[in-house]
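# The following comprises the amino acid sequence and a computationally predicted model.
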Amino acid sequence: MVNPVLLIAVPLGLAFAIPLFALFWKDAAKYIPPVALGFNLVVSLLLLPKVLENPIIVSVGGWQPPFSINLVAGPVGVLFSTIIALVGLLVSIYALDYIKEGATEKYHMLYLLLLTGATGVVLTGDIFNLFVFFEILCISSYALVAYLRDKAGIESAVKYLIQGAVGSSLLLIGIGLLYGQFGTLNMADIAEKIASASPISLFVPMVLLITGLGVEAAIFPLNAWLPDAHSSAPSSISAVLSGIAIEVGLYAVVRVIFTIFGASSILLFLALLGILTLLVGEMCAFSQNNIKRMLAYSSIGQIGLILFALAIATSYGVTGGLFQMVSHTLSKALLFLAAGYMIYRAGSLDISALEGMGRKMPLTCLAFTIGAFSLVGLPPFVGFASKFLIVRAALATKETLFVVLIGLALLGTVIEGAYFFRVVQVLYFKGEKPNPGRKEAPIIALVPMIILAVLIIVIGVYPRLITGVLNSAASELLNRVEYIRSVLG
Amino acid sequence: MGFLNNYIYYIGAFGLILIGLYTILVKHNLIKVIVGLGILDTGVNLFLISVGYITKGTAPIFSRPGIDSEHMVDPVPQALVLTAIVIGVAVLALALSLAIRLYQHYGTLNLRKIREQRW
């Protein structure tokens, strides 16, 4: 049997080995991340069928939980680690050619560290360990946002760093308060003991944890950093930040609410916050002229939709939310990757500069179009299946409030459709300039885009491929008694 | 005075946290904001230590003779603080290096004057 610890240990070790290898052979740096993430993908896929039957609990150091730091490789953890490894692998292949300037070995090392942090967050069962992996993720993403060292990148990285650091401090205070009350850091152990605590003494740590994690998850009032950071980073990093980092932040929020606190009273508030995030994100995206800022605001909107779906807290709702996370990760990674080379060829971030790109780079533009249609939710792409599940879940609650809120969410989708169709129109139907000749993205960048596009279509046509995993992941999140039992035995 | 005696570490810790937050929110100069982050970190660390501290406690080393377990402090928060200090150092170092770059680009560290990126 494969040990889930390898999912963290191998990339972490290889990440720190990159500068050593680069001393002898400069190109080694860029080939190590695909190797490490390919390994992670294989291990995650091997683990997936096993954890669907029984979650694997690894106690590091040989002590039994609650005394050790433990890893919980349940359906949720392995589902996320599979997605992280898959998207990370594709983006690292894309970056082989895309990242040419600057200190490339530092880029690849930080990139691998970012994904290691993300994998650690989703697999850990210890709340302080979660904080540590979260910081690995955050610090490497601060540095990567500033990688190009231009004006915009540095300014956004400073903003991101200040807000992120305050968020992490709040998170740590929350963890300290929980430890002070319960004398344990194991999430299952805290969850078990929390029933005996008074609700008043739980309120402050819960608010601190949700606020601290919410900064990274970009929930509405805490997301001022996101459009800047995601639009000024290199496109390959934007793909990972939008596709993985904020999803992992949202996972942590959901884990804290569902598993640790089992708090159902806050869910309505989160649903409202989700719809607010969605509408703010989509409306801001609509008014952008810069294509990467538009995609970044659209990520805010998607996060709002996912938060809303998760806050429905029925089996359908959580499944829909997780499905939307998967579809957003695939689509947004594809959009940023395609946009990266379109911007590179056009030499400008303005949407109007992309006129006629559909003839110049047909495959890249086709990939962008598939990503855009999937995000809007057109059949037969994966976005349709996930949005359909969310709408069904909201209607199945039979509560007027949720029906009204899903109406607002669909309004957000209409806005989303409007600005994505505008870009697609610019790509294909605007600009009567004489054909400047084809200049397609290099083949090594096209391969990941095509794989993502194929995945979007295949999962969109056969959603059953992953709904089994999503269902058991949803039941792990909703059934906290079962989680406590499987960890503490 | 009993209240003060019992809670002096918590009062100090949250005082530092509030000073740090105030500095981050109000000051315009990036270096001062980074100093605020440092104070915030220190406050959080002091808070974590005081969670595990008992009056006149000592290090939990079982092999040392003459100490009973009732006078040992909880070692877990101290391990947490060691980790948190390292993370704080990394964040501050990165923040200062970004501040150098920011100054090279804009010729100022006043955050109110640096606003090219906006909603």
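Everything's here; your move.
# C-alpha only now, for contacts and for neighbours.
OK.
# in the stretch 1-150 of chain A, which spans are helices?
Per DSSP state H, counting those that start in this stretch, the stretch 1-150 of chain A carries helices over the ranges A:5-24, A:28-53, A:75-98, A:104-123, A:127-145.
# Out of these, flag the one nearest chain B.
Checking the helices of the stretch 1-150 of chain A against chain B by CA to the nearest CA gives helix A:127-145 as the closest, at 6.8 Å.
# For that closest one, what is the distance to the chain centroid?
For helix A:127-145, the distance from its own C-alpha centre to the chain's C-alpha centre is 14 Å (CA atoms, centre = their mean, to the nearest Å).
# So which other helices or strands are in contact with it?
The helices and strands touching helix A:127-145, judged by 3 or more CA pairs under 8 Å, 6 or more residues apart in numbering or on different chains; DSSP states H and E, are helix A:104-123, helix A:151-182, helix A:226-232, helix B:75-106.
# Show me the one of these that comes nearest A:Val404.
Checking the helices and strands packed on helix A:127-145 against A:Val404 by CA to CA gives helix A:226-232 as the closest, at 27.9 Å.
# Name the surrounding residues that touch the next helix or strand after the closest one.
Remark: after helix A:226-232, the chain's next helix or strand is helix A:235-240, criterion DSSP states H and E. By CA atoms under 8 Å, 6 or more residues apart in numbering or on different chains, the residues outside helix A:235-240 that reach it are A:87-88, A:91-92, A:94-95, A:98, A:111, A:144-145, A:230-231, A:332-337, A:339-340.
# swap the cut-off to 7 Å and go again
Contacts made with helix A:235-240 from outside it, assessed by CA atoms under 7 Å, 6 or more residues apart in numbering or on different chains, are listed as A:Val91, A:Ala95, A:His230, A:Ser231, A:Lys332, A:Ala333, A:Phe336, A:Leu337, A:Gly340.
# Next secondary structure element downstream of that helix?
Past helix A:235-240, heading to the C-terminal end, the next element that is a helix or strand (DSSP H and E) is helix A:246-255.
# number of nearby residues for the residue of the stretch 201-350 of chain A found nearest chain B?
Distances between the stretch 201-350 of chain A and chain B by CA to the nearest CA are smallest at A:Asp228, namely 6.3 Å. The local packing count at A:Asp228 equals 26, with neighbours defined by other CA atoms under 10 Å in any protein chain shown.
# Quick check: residues of chain B near chain A?
The interface of chain B toward chain A, taken as CA under 7 Å from any CA of the partner chain, is made up of B:Asp41, B:Val44, B:Leu48, B:Val51, B:Val91, B:Ala95, B:Leu98, B:Arg101, B:Leu102, B:His105, B:Gln117.
# Quick check: which ranges of chain A have low pLDDT?
Scanning chain A with the threshold set as pLDDT under 70 gives A:432-437.
# hmm, 80 instead?
Scanning chain A with the threshold set as pLDDT under 80 gives A:1, A:61-62, A:65-66, A:430-438, A:489.
# cool, chain B as well?
Filtered on pLDDT under 80, chain B yields the residue ranges B:1-6, B:56-57, B:61-70, B:115-119.
# Which parts of it are helices?
Listed from the start of the chain, chain B has helices (DSSP state H) covering B:2-26, B:30-52, B:75-106.
# ok, back up a step: put together JSON lines for the helices and strands packed on helix A:127-145, with distance to A:Leu250 on each row.
Compiled in JSON lines, the helices and strands packed on helix A:127-145 are given as follows (distance: least, CA to CA, whole Å):
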{"stretch": "helix A:104-123", "distance to A:Leu250": "11"}
{"stretch": "helix A:151-182", "distance to A:Leu250": "14"}
{"stretch": "helix A:226-232", "distance to A:Leu250": "14"}
{"stretch": "helix B:75-106", "distance to A:Leu250": "22"}
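# among those helices, which is nearest A:Glu476?
Judged by CA to CA, the one of the helices and strands packed on helix A:127-145 that comes nearest to A:Glu476 is helix A:104-123, at 13.1 Å.
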